[in-house]
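A.B. asks: the sequence and its predicted three-dimensional model are supplied below.
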Amino acid sequence: MKEIEHPPRAKISLPAVLDGLSDPTRLAIVSHLAERGESLCRDFLSLGSKTNLSYHLAKLRESGIVRVRLSGVYRYMNIRWEDLEARFPGLMQSLLATAKKEGAALPKVTPVPAIKPPAKKRIAARK
């Protein structure tokens with residue numbers, strides 16, 4: 001399985017983090033993760049097309065804000081709290097508190113319901 005690259009803690013820069021959070025869609029994603037914890041990437045499909053969402057998720061990962069974990073065909077995201085707090089104490093809590101106050105300006109995340117496997121069809125016995 002292909003490993004996803006994340007910047008090491010020492011390489012996370014303040015300009016990259018601020019740039020990563022400068023877009024309302026990315027800020028909505030991070031606010032959702034802060035509130036609900038680890039989430040599937042597909043939970044954010046309500047925020048835009050797959051192509052657009054892929055761009056935003058990559059930007060968050062490359063800036064060092066989130067970590068992406070692969071599990072089968074699913075990608076899970078979580079905020080890198082420990083790394084961000086070590087690099088910039090109090091920054092994320094302050095930014096997210098401000099974003100919460102201004103929440104009406106952020107796009108709403110509507111997670112996709114869990115996919116249930118199709119029910120097995122019963123074949124009626126022929127007489």
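C.D. replies: Good, I have the coordinates. Numbers count the residues shown, from 1 in each chain.

A.B. asks: confirm T98 sits in a strand?
C.D. replies: No: counting by DSSP: H, G, I helix; E, B strand; the rest coil, T98 is located in no strand; its state is helix.

A.B. asks: tell me the pLDDT at it?
C.D. replies: Note for T98: predicted pLDDT of 89.

A.B. asks: ditto for the one 5 residues further on
C.D. replies: Per-residue confidence for G103 comes out at a pLDDT of 66.

A.B. asks: for L45, same thing?
C.D. replies: At L45, the predicted lDDT confidence score is 87.

A.B. asks: and the spatially most central residue of the chain, what does it touch?
C.D. replies: By CA atoms, centre = their mean, the chain has its centre lying nearest to M77, at 4.7 Å. Contact analysis of M77 by CB atoms under 8 Å, 6 or more residues apart in numbering lists 29, 33, 38-41, 57, 60-61, 66-69. For every residue, glycine as well, the C-beta is placed using N, CA and C.

A.B. asks: beta partners for it?
C.D. replies: Beta-bridge partners of M77, counted by DSSP bridges, are S39, V68.

A.B. asks: so how far is K101 from it?
C.D. replies: The gap separating M77 from K101 is 24 Å, by CB to CB, to the nearest Å.

A.B. asks: again with S13
C.D. replies: Counting by CB to CB, the gap from S13 to K101 is 26 Å.

A.B. asks: likewise for R42?
C.D. replies: Noted for R42: a distance of 28 Å to K101, by CB to CB.

A.B. asks: between these two, which is the more surrounded one?
C.D. replies: In this view R42 and K101 are compared by other CB atoms under 10 Å, and R42 has more residues nearby, 13 against 9.

A.B. asks: got the phi/psi numbers for the more buried one?
C.D. replies: phi -70, psi -10 (degrees, to the nearest 10).

A.B. asks: what about it, distance to A58?
C.D. replies: 15 Å.
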